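Enquirer: A predicted structure for the sequence below; I have some questions about it.
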Amino acid sequence: MDETTADATKKRSGNSKKESFAFDVLTLAGGTTFAQILTILSAPVLTRLYEPEDFGIWALYISITSIISVIACLRYEYSIMLPESDEEAVNLLGLSFLAVLFVSVLTFPAVWYFKEPIIDILNSQQIGDYLWLVPPFIFVNGLFLALNNWNSRTKLFKRLSLSRVFSSVSSVTTQVGLGLVEKVGAGGLITGSLAGQSIASFVLGGQIWRDDRKLIVKSLSWKKVYEGFKKYRKFSLIDSWAALMNSVSWQLPAFLLAAFFTPAVVGFYSLGFRLLQLPMSFIGSSISQVFFQRASRALSEGTLPSLVENVFRMLVIIGMFPILVLTIVGSDVFTVVFGKAWAEAGVYAQILSLWAFIWFISSPLTTIYVIVEKHHFGFHYNFFNLITRLLSLTIGGLLGSARLALILFSASGIVVYGYLCLKMMSYSGVKVSRALKIVFSNFILFIPAGVMIVALKMAEVNQILLVVISGVIIGVYYLYILRTDEQIKRIFKEFRE
């Protein structure tokens, strides 16, 4: 190991408190709590500054950029985690930057040429006013993806937490500020998203340059970048297509709801799904971020089954109880928090909640097929996922019911993601019976609370009171888990030490 690499390694070890999975997850999740709280608290303000149609246009913009962003690095960002030497990883980081530049430049003529077809397909003239903002978003988001994976490799998760805080603050401030100053419509929401992503990339990139500048400058080589391009070409040739299909399938609801119905329906869906996904994505992405790094090492050490089972159990404990509560009182929560105009968004959240839970417990585990090098599984799975979503949403659209479309979408998602979860368990060596036992035992724990909430709802108690009682019940559940569950207590003990 040369002096530069030794210095970088020493710096990381000095900044890393311990090599604990739980500690890294809590560091990453805890550091972003403020950002997520700010986003949630801003939602009632935004729903009063912007119309459902504005949220719908914003959702369409995010859907377009999300599809392209997933291949912004041509998936080479995932290769950054794999080499043993930091020098090779630096060149893969450089390769990812080149891929981002290439994809972003190509996006400009594509957006210009296909502007009218996009407007016609999405049944929205307004979205055409904001398509020119797509390439800049792809560029800054692609940079963030590459930097994010380098940050995961170095395990300095506090840097990522800080960037998320700055991103959330700048995004919310811009959206609220523009909404208050003048009636800008969807442009205020879109500009806020672009501002937030730009700040996140700048902050994370600045911290990485400050800490790893010597290693990066010394290690970068055009020859080694080209060698990385050839060595990890499967990521771009195979995994990029799987990722693209997965991204398209995620954005299908916004596209097809816009095509069959109105931007307002897309707005209801986007708010319901966004607030349903936000806390789960916040926790799940933090776990996934750390899990990918830990699982790569656990595979070689022979400890992958125990790691996967512990992570799966943690996800079930965290996610099942509140999701089941939301399934019962979702429309009441949205009516109380956002006003009667957004009650339909709450109904959509209820419809999607069980699927969201299955997604939550399976999503962090999806990196297993990459680690065990089952790239073709990812392609086949994502193709099947795309087709089932397309069919379910199209059937609902043709029948003229947005609710039916989302019910079919949710049902297909439960089946597909349930299969994915069990398949990841199989790849990692965890028995399916163990996973089902964990789910069943936590469902039994919910039954008394579920019966109480249903009884209150049937008695038609005041909506505000019902929402408050439901929140208290969820709080009591988490306190009970913190006091009685040995795994959770061990996690917090590790964090305090």
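Expert: Received the coordinates, thanks.
Enquirer: how is the chain divided into domains?
Expert: Domain assignment for the chain, taken from automatic domain parsing, gives 1-231, 262-497.
Enquirer: and E301, how many neighbours?
Expert: A count of nearby residues for E301, using other C-beta atoms under 10 Å, gives 8. Any C-beta I mention is one placed from the backbone N, CA and C, and that applies to glycine too.
Enquirer: please read the previous query as pertaining to I71.
Expert: Neighbours of I71 (other C-beta under 10 Å): 19.
Enquirer: what's the spacing between it and V111?
Expert: Going from I71 to V111 by C-beta to C-beta, to the nearest Å gives 15 Å.
Enquirer: quick one on the thing from earlier: now mean pLDDT and distance to M245 too, for the domains of the chain, in CSV please.
Expert: Output for those, formatted as CSV (pLDDT from 0 to 100; distance: least, C-beta to C-beta, whole Å):
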stretch, mean pLDDT, distance to M245
domain 1-231, 82, 10
domain 262-497, 83, 4
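Enquirer: closest one to W241 among the ones you listed?
Expert: domain 262-497 (6.0 Å; C-beta to C-beta).
Enquirer: starting at the chain centroid, how far to that closest one?
Expert: Centre-to-centre, domain 262-497 and its host chain are 12 Å apart (C-alpha atoms, centre = their mean, to the nearest Å).
Enquirer: before we move on, what about stretch 186-199?
Expert: Relative to its chain's centre, stretch 186-199 lies at 18 Å (C-alpha atoms, centre = their mean).
Enquirer: cool, and stretch 203-219?
Expert: Offset of stretch 203-219 from its chain centre (C-alpha atoms, centre = their mean): 26 Å.
Enquirer: for stretch 67-82, same thing?
Expert: Stretch 67-82 sits 15 Å away from the centroid of its parent chain (C-alpha atoms, centre = their mean).
Enquirer: for that stretch, measure first residue to last.
Expert: Terminal residues of stretch 67-82 are spaced 25 Å apart (C-alpha to C-alpha, to the nearest Å).
Enquirer: ranges for the helices of the stretch 201-350 of the chain?
Expert: Under the criterion DSSP state H, counting those that start in this stretch, the stretch 201-350 of the chain contains helices at 222-231, 233-234, 240-260, 263-301, 304-338, 343-362.
Enquirer: got a markdown table for these, with distance to F137 too?
Expert: Listed next are the helices of the stretch 201-350 of the chain as a markdown table, based on distance: least, C-beta to C-beta, whole Å:
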| stretch | distance to F137 |
| --- | --- |
| helix 222-231 | 25 |
| helix 233-234 | 27 |
| helix 240-260 | 14 |
| helix 263-301 | 17 |
| helix 304-338 | 26 |
| helix 343-362 | 24 |
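Enquirer: tell me which of these lies nearest to R159.
Expert: helix 263-301 (11.8 Å).
Enquirer: all strands of the stretch 101-250 of the chain, in order?
Expert: Counting by DSSP state E, counting those that start in this stretch, the stretch 101-250 of the chain has no strands at all.
Enquirer: tell me which residues of stretch 305-318 are tucked away?
Expert: Residues of stretch 305-318 classed as buried by neighbour count (16 or more other C-beta atoms under 10 Å): 307-318.
Enquirer: now stretch 235-246
Expert: Counting neighbours by 16+ other C-beta under 10 Å, stretch 235-246 gives 235-236, 239-246 as buried.
Enquirer: now stretch 381-391
Expert: Within stretch 381-391, judged by 16+ other C-beta under 10 Å, the buried ones are 381-382, 384-386, 388-390.
Enquirer: could I get the residues you listed as JSON lines with secondary structure and distance to L143?
Expert: As requested, the buried residues of stretch 381-391 are exported to JSON lines (DSSP: H, G, I helix; E, B strand; the rest coil; distance: C-beta to C-beta, whole Å):
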{"residue": "Y381", "secondary structure": "helix", "distance to L143": "28"}
{"residue": "N382", "secondary structure": "helix", "distance to L143": "25"}
{"residue": "F384", "secondary structure": "helix", "distance to L143": "32"}
{"residue": "N385", "secondary structure": "helix", "distance to L143": "28"}
{"residue": "L386", "secondary structure": "helix", "distance to L143": "27"}
{"residue": "T388", "secondary structure": "helix", "distance to L143": "33"}
{"residue": "R389", "secondary structure": "helix", "distance to L143": "29"}
{"residue": "L390", "secondary structure": "helix", "distance to L143": "31"}
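Enquirer: ok, L398 to L391 distance?
Expert: 11 Å.
Enquirer: swap in L326?
Expert: Per C-beta to C-beta, L326 is found 26 Å from L391.
Enquirer: also A264?
Expert: For A264, the distance to L391 - C-beta to C-beta - is 24 Å.
Enquirer: next: L256.
Expert: Taking C-beta to C-beta, one finds L256 at 11 Å from L391.
Enquirer: which residues outside stretch 70-80 are in contact with it?
Expert: Contacts with stretch 70-80, where a contact means C-beta atoms under 8 Å, 6 or more residues apart in numbering, come from 89, 92-93, 95-96, 99-100, 102-104, 138-139, 141-142, 145-146, 148-150, 153, 228-229, 232, 235-236, 239-240, 243-244, 246-247, 370.
Enquirer: buried sites along that stretch?
Expert: For stretch 70-80, the neighbour count (16+ other C-beta under 10 Å) marks 70-80 as buried.
Enquirer: okay, and which of the residues you listed map to helices?
Expert: In helices, judged by DSSP state H, none of these are found.
Enquirer: which ones are touching T335?
Expert: Contacts of T335 by C-beta under 8 Å, 6+ apart are 342-343, 346, 463.
Enquirer: are any of the residues you listed buried, and if so which?
Expert: Of the contacts of T335, these count as buried by 16+ other C-beta under 10 Å: 342-343, 346.
Enquirer: what about E116, how many residues nearby?
Expert: 9.
Enquirer: in space, what's closest to it - neighbours in sequence excluded?
Expert: Spatial nearest neighbour of E116, excluding adjacent residues (C-beta to C-beta, 6 or more residues apart in numbering): G128 at 7.7 Å.
Enquirer: hmm, the one you found is touching W112, no?
Expert: No: counting by C-beta atoms under 8 Å, W112 is not a contact partner of G128; they are 10.9 Å apart.
Enquirer: more neighbours, the two?
Expert: G128 (15 against 11).
Enquirer: what sits against the more buried one?
Expert: Counted by C-beta under 8 Å, 6+ apart, G128 has contacts 115-116, 118-119.
Enquirer: now, of these, which are buried?
Expert: Applying 16+ other C-beta under 10 Å to those flags 118-119 as buried.
Enquirer: can you list the contacts of G128 in JSON lines and add distance to L276?
Expert: Listed next are the contacts of G128 as JSON lines, based on distance: C-beta to C-beta, whole Å:
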{"residue": "K115", "distance to L276": "32"}
{"residue": "E116", "distance to L276": "34"}
{"residue": "I118", "distance to L276": "27"}
{"residue": "I119", "distance to L276": "29"}
